[in-house]
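K.L.:
make a model of this:
(2 chains)
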There are 2 protein chains.
Amino acid sequence: MALDVPPGYRALKEADVAAYLAGVPVVADSLGGKPADWKVREVGDGNLNLVFVVEGPKSGVVLKQALPYVRLVGESWPLPVRRAFFEHQALSAQRAVVPAHVPKVFHFDETLALTVMAYLTPHIILRKGLIRGTVYPKLADHMATFMAETLFATSDLGQPAASKKKHMALFCGNTELCRITEDLVFTDPWRVAEANRWTSPQLDLTAASVRADGPWKRAAQEYKLKFLGEAQALIHGDLHSGSIMVTESETYAIDPEFAFYGPMGFDVGALLGNLYLAFFAQSGHEAKAGARDDYRGWILSTAEQVWTLFDRRFRGLWNTRHRGETFAPGLFAEGAGPAALKEAQDAYMRRLFVESLGFAGCKMTRRILGLAHVEDLESIAQPDLRAECEKRALKLARAFMVEGQGFADIRAASDAARALQRETVK
Amino acid sequence: MALDVPPGYRALKEADVAAYLAGVPVVADSLGGKPADWKVREVGDGNLNLVFVVEGPKSGVVLKQALPYVRLVGESWPLPVRRAFFEHQALSAQRAVVPAHVPKVFHFDETLALTVMAYLTPHIILRKGLIRGTVYPKLADHMATFMAETLFATSDLGQPAASKKKHMALFCGNTELCRITEDLVFTDPWRVAEANRWTSPQLDLTAASVRADGPWKRAAQEYKLKFLGEAQALIHGDLHSGSIMVTESETYAIDPEFAFYGPMGFDVGALLGNLYLAFFAQSGHEAKAGARDDYRGWILSTAEQVWTLFDRRFRGLWNTRHRGETFAPGLFAEGAGPAALKEAQDAYMRRLFVESLGFAGCKMTRRILGLAHVEDLESIAQPDLRAECEKRALKLARAFMVEGQGFADIRAASDAARALQRETVK
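P.N.:
All right, here's what the predicted structure looks like:
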């Protein structure tokens, strides 16, 4: 199949990068020195893009370029480079409301589908830190802030309908990336699909029983319907622990190329789901059984704080920075109004909580039975041990998706994870 | 304020119409004879547009032209003529799936914001028939078909995500018309607004108590949130009994200029709500008390059939013409699949039913306490009698919006209407 790229597009090589950046004054100034002084290395370990780190005498930048195919699979799976445009649009919208947690963008080149951003150092990908067992004391606070600010600002509570519709129309073009999620997250794990894989033979029966599980399959399709049709806010669209860069004191959400107007719970659930996956994976990373118990506790308390702080911030924004066309606080100022508004907010946040758990469950399932797995589990060398972690995670995922209403609060969700960790799985 | 029109736009006068149509061969041929033979009359009795009926020796056409302001209010309330473009787009999409109930379009002129359609004769506006007490035996069947076909085809069950997103992006531009609904239907009746009016002084206390009713106001804002954010399907957007033209054997839905991707229940609710308004209004149109009892029964049974047949058709399309990316019947073909799909469909239709009642309640309320009223009630000369009808309708509207989950089925909704009709209101 011919790959679809704009006229003038070419994939950069390491040797091209310095010359290209020399032509972008804002970047050249930021790097300092001369192009010959700049050190360039390709570091892309993701599934889709070229990523070059460029370090100059004064500072470093990252150049991220979209390839016209899925890097993980090859040219047989084309993917439009226009996703870089949507990523750039999403980064701009996010940085406008929460600059502390979104990388600064120096330059965007639509023809080359290329973005030049601040090089975050010594930050690492959160997922790697979770595997190592590193505590990030600010993580929950920062990510709750990132999600509350970005989701609220682009929701019908945070912006007028006309501006939302205009922004939404733009992101309606990002269909190919959404399609990946639609297929891989919501459908493939529940059917026979060539791309699926799992720890075999340990999970063969489990995978078959998931495909035959009517209520679970139904729940997956119901969440897919929400993903397709509920245009609640501009969501990041891929907010797992591989899209977050951290130090102990700083947190950045990166790579929003899957962004579109969709259900907010998909972002919150992506983070929660990946924290629970990290929790269950700890058994594969501890020196001896129980050695990571404290760290397990930290992960669960982080998941709890993510929701609790998100809930608090989101309500706070509703009460103080409402700019949308529904639920204006002014409409509820008198008489029975404040009580009614409080009840509406409770119901709104409850619905969002249950949906976040449901989406978390979808993301957890696909990382165990679908195409793209996570290093937390993949790096567990012993397949029996890995399968045990995965079975526990799948049980929680099913409960989140099918019985989400049964979780009274985020504490109950973490309690369920804790109980499953103690269970002997077969 | 300067009115925003495309270069070349001019509002036609009766005297201009024949000359204009002479330049459109397909219309001239259809009319037959010569322009001098064509009889032109302006008949627009709606709120927004010029409508000319043109009759020639062979046939008639309707020329509908958007004015750059709300006709009901005047130039002080500008409204983009681009709504004619969205109407034309919606008519095309609707006619593609249900040509028997959508007028044929001969010509669209984007510059003049003008559409030339088949002249429906001897069809009359359904609302006028309901006031006269005319039975339309095919109405429920036809409107259930119109709604099921148009809503299903444009939903995530009826079309792939990429085509839906592209279509949706187009209609994201129709914000000004949506804004009218957002304000007038979901907000104004629950606040002090200059445009509001009601049967006064009879309804003064009622209007005040509606504004002070916390749960009701909350429900209105929750439905507004759905209207703003749930992009379920391309909805007509204004499907009341004034947008339906009927004879005893034919039914056409007209005027979809409010079309956009929104909640399906808004269309179903518009029709149901207007049938219930017509039901309560009968007391104002009968020669003596009880004279219209049979007709009341026909209206309620029509409302019941509208839902019942819609439900049946929509499920039928799901099972036989699924083209979307969620809930593919093939995914549920085996084992526990069929039972799970049936449960999912039951839940889907139940949610849509409750939301249809809720939107019906919003539409009923605004027609009594908001800016734009309905002739069913307005034509009741005696204000005490009119107020009595209106109070009954408001009680049902509140129940639909606040206690929608309490209605087991459409029969229960009609039973509630019947019970209210027997009640002495104060």
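
K.L.:
spatially central residue for chain A, please.
P.N.:
A:L239 (0.9 Å; CA atoms, centre = their mean).

K.L.:
residues in contact with that residue?
P.N.:
For A:L239, the contact set (CB atoms under 8 Å, 6 or more residues apart in numbering or on different chains) comprises A:M147, A:A253, A:D267, A:A270, A:L271. For every residue, glycine as well, the C-beta is placed using N, CA and C.

K.L.:
how near is it to A:T181?
P.N.:
Plainly put, A:L239 is 12 Å away from A:T181 if you go by CB to CB, to the nearest Å.

K.L.:
same thing with A:I254?
P.N.:
Using CB to CB, A:I254 is found at 17 Å from A:T181.

K.L.:
with A:V425 instead?
P.N.:
Distance, A:V425 to A:T181, using CB to CB: 28 Å.

K.L.:
same check on A:D37?
P.N.:
For A:D37, the distance to A:T181 equals 41 Å [CB to CB].

K.L.:
let me know the secondary structure of A:V53.
P.N.:
Recorded secondary structure, A:V53: strand (DSSP: H, G, I helix; E, B strand; the rest coil).

K.L.:
shouldn't it be in contact with A:W38?
P.N.:
No. Applying CB atoms under 8 Å, one finds A:V53 not in contact with A:W38, separated by 10.3 Å.

K.L.:
those two: which is more packed in?
P.N.:
Neighbour totals were compared for A:V53 and A:W38, and A:W38 leads with 21 against 18 (other CB atoms under 10 Å in any protein chain shown).

K.L.:
these two touch, right, that one and A:E55?
P.N.:
Yes. The pair A:W38 / A:E55 is scored as a contact, 6.7 Å apart, by CB under 8 Å.

K.L.:
what do those two both touch?
P.N.:
Listed contacts common to A:W38 and A:E55 are A:L31; contacts here mean CB under 8 Å, 6+ apart.

K.L.:
excluding its backbone neighbours, what's nearest the residue of chain A most remote from its centre?
P.N.:
Distance to the chain centre peaks in chain A at A:G335, reaching 41.6 Å (criterion: CA atoms, centre = their mean). Closest residue in space to A:G335, ignoring its immediate chain neighbours: B:A212 at 4.9 Å, by CB to CB, 6 or more residues apart in numbering or on different chains.

K.L.:
give me every residue that touches that neighbour.
P.N.:
Contacts of B:A212 by CB under 8 Å, 6+ apart are A:E334, A:G335, A:A336.

K.L.:
let me know the secondary structure of the residue nearest to the centre of chain A.
P.N.:
Classification of A:L239 using three-state DSSP returns coil.

K.L.:
quick check: it vs chain B, distance?
P.N.:
From A:L239 over to chain B the distance is 20 Å, taken as CB to the nearest CB, to the nearest Å.

K.L.:
please apply the same query to A:A195.
P.N.:
The gap separating A:A195 from chain B is 16 Å, by CB to the nearest CB.

K.L.:
quick one, what contacts that residue?
P.N.:
A:L184, A:D188, A:G370, A:L371.

K.L.:
distance of the nearest residue to A:H236 once chain neighbours are set aside from B:E194?
P.N.:
Among residues not flanking A:H236 along the chain, A:P256 sits closest, at 4.6 Å (CB to CB, 6+ apart). From A:P256 over to B:E194 the distance is 43 Å, taken as CB to CB.

K.L.:
more neighbours, the two?
P.N.:
A:P256 (25 against 7).

K.L.:
can you report phi and psi for that one?
P.N.:
Backbone torsions for A:P256, taken as degrees, to the nearest 10, come to phi -80, psi 40.

K.L.:
residue ranges for the strands of chain A, please.
P.N.:
A:39-42, A:49-55, A:60-66, A:69-70, A:74-78, A:105-109, A:114-118, A:124-125, A:233-235, A:244-246, A:251-253, A:260-262 (DSSP state E).

K.L.:
who are the packing partners of the last one?
P.N.:
Yep, that's strand A:260-262 we're talking about. Here strand A:260-262 is seen to pack against helix A:161-171, helix A:175-186, strand A:233-235 when contacts are counted using 3 or more CB pairs under 8 Å, 6 or more residues apart in numbering or on different chains; DSSP states H and E.

K.L.:
in TSV, list these along with mean neighbour count.
P.N.:
Conversion of the helices and strands packed on strand A:260-262 to TSV gives the following (neighbours: other CB atoms under 10 Å in any protein chain shown):
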stretch	mean neighbour count
helix A:161-171	19
helix A:175-186	20
strand A:233-235	27
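
K.L.:
wait, which of the ones you listed is closest to B:R386?
P.N.:
Proximity to B:R386 (CB to CB) singles out helix A:161-171 among the helices and strands packed on strand A:260-262, at 33.7 Å.

K.L.:
what is the rounded mean pLDDT of that closest one?
P.N.:
Averaged across helix A:161-171, pLDDT comes to 98.

K.L.:
hang on, the earlier thing: closest to B:L309 out of the contacts of A:L239?
P.N.:
A:D267 (39.9 Å).

K.L.:
and the pLDDT at the closest one?
P.N.:
Listed pLDDT for A:D267 reads 98.

K.L.:
may I ask which of the contacts of A:A195 has the most neighbours?
P.N.:
When neighbours are taken as other CB under 10 Å, the top entry among these is A:G370 (23 neighbours).

K.L.:
quick check: that residue touching A:V185?
P.N.:
Yes. The pair A:G370 / A:V185 is scored as a contact, 7.4 Å apart, by CB under 8 Å.

K.L.:
name the nearest residue to A:E325, ignoring sequence neighbours.
P.N.:
Nearest residue to A:E325, sequence neighbours excluded (CB to CB, 6+ apart): A:A161, at 5.1 Å.

K.L.:
A:D4 now?
P.N.:
Using CB to CB, 6+ apart, the nearest residue to A:D4 is A:P80, at 5.8 Å.

K.L.:
give me the neighbour count for the one you found.
P.N.:
Counted by other CB under 10 Å, the residues lying close to A:P80 total 21.

K.L.:
equivalent analysis for the one 5 residues further on, please.
P.N.:
With neighbours defined by other CB under 10 Å, the count for A:F85 comes to 20.

K.L.:
what do you get for A:V102?
P.N.:
Applying other CB under 10 Å, I find that A:V102 has 25 neighbouring residues.

K.L.:
quick one, phi psi at it?
P.N.:
Per-residue torsions, A:V102: phi -130, psi 130 (degrees, to the nearest 10).

K.L.:
surely it meets A:A90?
P.N.:
No. Between A:V102 and A:A90 there is no contact under CB under 8 Å: 9.2 Å.

K.L.:
could you find the closest non-adjacent residue to A:D238?
P.N.:
The nearest residue in space to A:D238 (CB to CB, 6+ apart) is A:F258, at 4.2 Å.

K.L.:
now do the one you found against chain B, distance only.
P.N.:
Where chain B is concerned, A:F258 sits at a distance of 13 Å (CB to the nearest CB).

K.L.:
so who does that residue touch?
P.N.:
Contacts of A:F258 by CB under 8 Å, 6+ apart are A:N174, A:L177, A:C178, A:I180, A:T181, A:H236, A:G237, A:D238.

K.L.:
nearest spatial neighbour of the third one, chain-adjacent residues omitted?
P.N.:
The one in question is A:C178. Nearest one to A:C178, counting by CB to CB, 6+ apart, is A:F260 at 5.7 Å.

K.L.:
alright, calling it a day.
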